[in-house]
Every structure is written in structure tokens, then in C-alpha cells.
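Peer 1: Based on what follows, work out the 3D shape:
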Amino acid sequence: MKVLNFLRASSALRTFLTEVDAAFDDLLVHNNVRWLSKGRVLEPFWAVREELQVFLSQQNSAKAKQFLEFLQNAGKMEAVAFLADITSHLNDLNVKLQGKKNTLCELMSEVRAFQRKLELFKSHIQEELFHFPKLLELTKGEGDDQCHLELLEKLIANFKTGFDGFILGKQVLLFIENTFLITNVSAFSAEAKRVFSWTEAASLQTELFDLQEGVAQKEAQCDAITFWSKFQVPSAA
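Peer 2: Residues are numbered from 1 along each chain as shown. The predicted model follows:
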């Protein structure tokens, strides 16, 4: 962030990036308020890192020299490459979680899928680096795997802490997404009872049959939001 703030304070930067036909003609500044900010900051910074070295080498100041040394430090730039890659993956997840019409099932599916992806990233960080193109470009597979592995393990632990307590099971989520796909009624009612202790298994089973035999609803083949909106309880007003 210090490098970016220094560079953007220079009125000559945009002119320089335009003249050298860089991939970006300006750099973004991180904003804690705006979602996706960190990933969006790192992307252009990484893309024009070589041009930035040339620009800094032309500046006559102690700070410019300090920041040039940062950009020329292989270990520090490896960390930047890794962060650019992992924040890109996090940005993809964030985008998928946005929107007004996402159902609970869709949101949890995206989160669970990303948790599995993190485990895949963890295994690949010591091997092919398929999912870390910037890191692979920089290190050719000869980087500090242990450092990146530790960060991924912390990220996995954070997701586990944040979402593993969300105990809606597969049968309940399937019920919400598509009631007609529930075939094991006993398994569904048992799982629902564990999640919602106030429910009664007998009532759940009979009401499920009533829902599934609603021919008009089944033939309509509508999405989950439209289907469940038909069962909304009118407000007191």
C-alpha cells in the first residue's frame, strides 16, 4: 500500500504507463469499505510491476530507491504473486455470493465448493501451481512453498470456523432447492429434526407428501424462490 500511495502521488505515473504501453495506465488504491478492493488493487499492480521498476529507477528520492528495492526483492514479490492469485479466487467467490435472487442452497453450495477448492489449492501449492498462475510465472515452481502453505491452512481454518457451525444438512438443503427430489422421507425428517428441534417428524413426513403430490406445482417446474413464495404467510397488516 505504501508503494501504491507513493506511485499514485506522482502526476507523471499515468503519462509514463501510457507512453510505455503498459497493460494498465493507472493503479487502484485499496479501500477497506469497498468489497473486492484488495484483489482489484493487486491485479494491475502485478501486471505493470516491471514498468514500475523502470519508473522508480528514474526518480531521485530515497523513498523511490526503497520501493525499487522492494520490487526487485524476489521473496517479497513472490508474496505479492501469491496474494494476487489467492485474492483473485476470493474475489470470484465474493461475486458469486452477490445478488438478490440467490437462495440459501446456492450460497451454501458456493461456500462449500470453495472450501473444497482451498483443500485442492493446498495440495497444489507444493506441486503444479495450476491455480496460482502469477506465482508459477514468477517462481517457475521453485518458490517458498511452506510460507504459502501456512497461509492457506489459516484460510481453511477461518472458513471452517465461520461456516462449519452452519448445520443445515444435505437433505434439508435439497428440500429447499427442490422438494420433489427428496426420496428418503425418514432420512429427511430425521435430519430436519436435528436442525430444528421444535419440529415433529410425523408432521414433516406427511406435509412433505402433500407438497410432492401437488401436481400443479410439480408440472410448473419453477425455481425455488417462485415455488416457496406461493407458501408465504400473509402479514398481520
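
Peer 1: C-alpha only now, for contacts and for neighbours.
Peer 2: Noted.

Peer 1: Near the residue lying closest to Phe130 once chain neighbours are set aside, how many other residues are there?
Peer 2: Residue nearest to Phe130 in three dimensions, not counting chain neighbours: His124, with 7.0 Å by C-alpha to C-alpha, 6 or more residues apart in numbering. Using other C-alpha atoms under 10 Å, His124 has 16 other residues around it.

Peer 1: Quick check: mean pLDDT of stretch 208-225?
Peer 2: Averaging pLDDT along stretch 208-225 yields 71.

Peer 1: make that stretch 70-88, sorry
Peer 2: The average pLDDT within stretch 70-88 is 90.

Peer 1: among the helices and strands of the chain, which one scores worst on average pLDDT?
Peer 2: Taking mean pLDDT, DSSP states H and E as the measure, the chain has helix 215-220 as its least confident helix or strand, at a mean of 60.

Peer 1: Show me the contact partners of stretch 150-168.
Peer 2: Under the contact criterion C-alpha atoms under 8 Å, 6 or more residues apart in numbering, stretch 150-168 has outside partners Gln115, Leu118, Glu119, Phe121, Lys122, Val195.

Peer 1: can you list the domains in the chain?
Peer 2: When the chain is parsed with automatic domain parsing, its domains come out as 2-163, 170-229.

Peer 1: which element is Leu68 on?
Peer 2: Assigned by DSSP states H and E, Leu68 belongs to helix 62-72.

Peer 1: quick one: contacts of that helix?
Peer 2: Helix 62-72 is contacted from outside by Val3, Arg49, Gln53, Leu56, Ser57, Gln59, Lys76, Met77, using C-alpha under 8 Å, 6+ apart.
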